[in-house]
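**Q** Could you work out the structure for the sequence below:
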Amino acid sequence: MTEELQQIAAHRKLRLVVDTNLFISSLLSPRGSERALIEACFAGKFELLYCEHLLQEIEDVISREKFRKRFTVEEGLSLIDAIALVGTEVPDRAEQKLPRICDDPDDNFLFALYEDGNGDLLVSGDKRSSKPQPAHFGLPAPMAKWQPLS
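**A** From the prediction side, this is the model:
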């Protein structure tokens with residue numbers, strides 16, 4: 001954790017935006033670091049930020065047939081319920097007002113969620129997508145706010 005984030009965490013819970021892929025990974029790997037992160041959010045160690053778009057994206061992914069051998073739709077829906085129960089909802093930003101900074105345009109809503117929810121950290125497991133440039137998002141360099149989960 002960067003010094004800046006440590007200073008914030010000394011005074012309040014860090015506000016996290018967690019990418020859909022980490023929620024799905026937490027279902028696929030019950031002993032993985034993704035599960036540990038999600039459980040820490042559910043235990044109140046972090047303030048989990050979410051929006052309706054994120055919940056809908058998770059629901060779309062958990063409904064895919066390829067995951068049936070790994071987890072049930074009911075387990076996925078329970079995850080969504082838990083996010084809504086413990087997280088802090090941030091209103092969705094209109095599509096035309098989303099930032100256009102991500103290699104994967106479907107992930108631009110996460111940066112709007114981060115910004116609108118005054119997030120401290122956006123965590124993703126997406127290794128294909130390069131992190132956005134600080135100048136594009138108004139973040140100071142070096143950009144410690146965007147963190148891939150390895």
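**Q** quick one: average pLDDT of stretch 81-97?
**A** Averaging pLDDT along stretch 81-97 yields 96.
**Q** gap between the two ends of it?
**A** 27 Å (CA to CA, to the nearest Å).
**Q** Enumerate the positions of that stretch that are buried.
**A** Neighbour-count burial for stretch 81-97, counted by 16 or more other CB atoms under 10 Å, picks out 82, 83, 87, 90, 92, 93. Yep, even glycine has a C-beta here, placed from its N, CA and C like the rest.
**Q** among these, which two are most distant?
**A** Farthest apart among these by CB to CB are 82 and 93. That separation is 23.8 Å.
**Q** Touching stretch 79-91 from outside, list them.
**A** With contact meaning CB atoms under 8 Å, 6 or more residues apart in numbering, stretch 79-91 is reached by 15, 23, 26-27, 38, 41-42, 44, 47-52, 54-55, 58-59, 62, 113, 116-117.
**Q** re earlier: got a markdown table for the buried residues of stretch 81-97, with secondary structure and distance to residue 7 too?
**A** A markdown table is the format used below for those (DSSP: H, G, I helix; E, B strand; the rest coil; distance: CB to CB, whole Å):
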| residue | secondary structure | distance to residue 7 |
| --- | --- | --- |
| 82 | helix | 29 |
| 83 | helix | 27 |
| 87 | coil | 24 |
| 90 | coil | 23 |
| 92 | coil | 30 |
| 93 | coil | 28 |
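**Q** Would you write a ChimeraX line that selects the buried entries of the contacts of stretch 79-91?
**A** Filtering these down to the buried ones (16+ other CB under 10 Å) takes a single ChimeraX command:
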select :15,23,26,27,38,41,42,47,48,49,50,51,54,55,58,62,113,116,117
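**Q** From the contacts of stretch 79-91, which land in helices?
**A** Counting by DSSP state H, the part of the contacts of stretch 79-91 found in helices is 23, 26-27, 38, 41-42, 52, 54-55, 58-59, 62, 113, 116.
**Q** out of those, who's nearest residue 9?
**A** For the ones in helices among the contacts of stretch 79-91, the nearest to residue 9 is residue 41 (13.8 Å; CB to CB).
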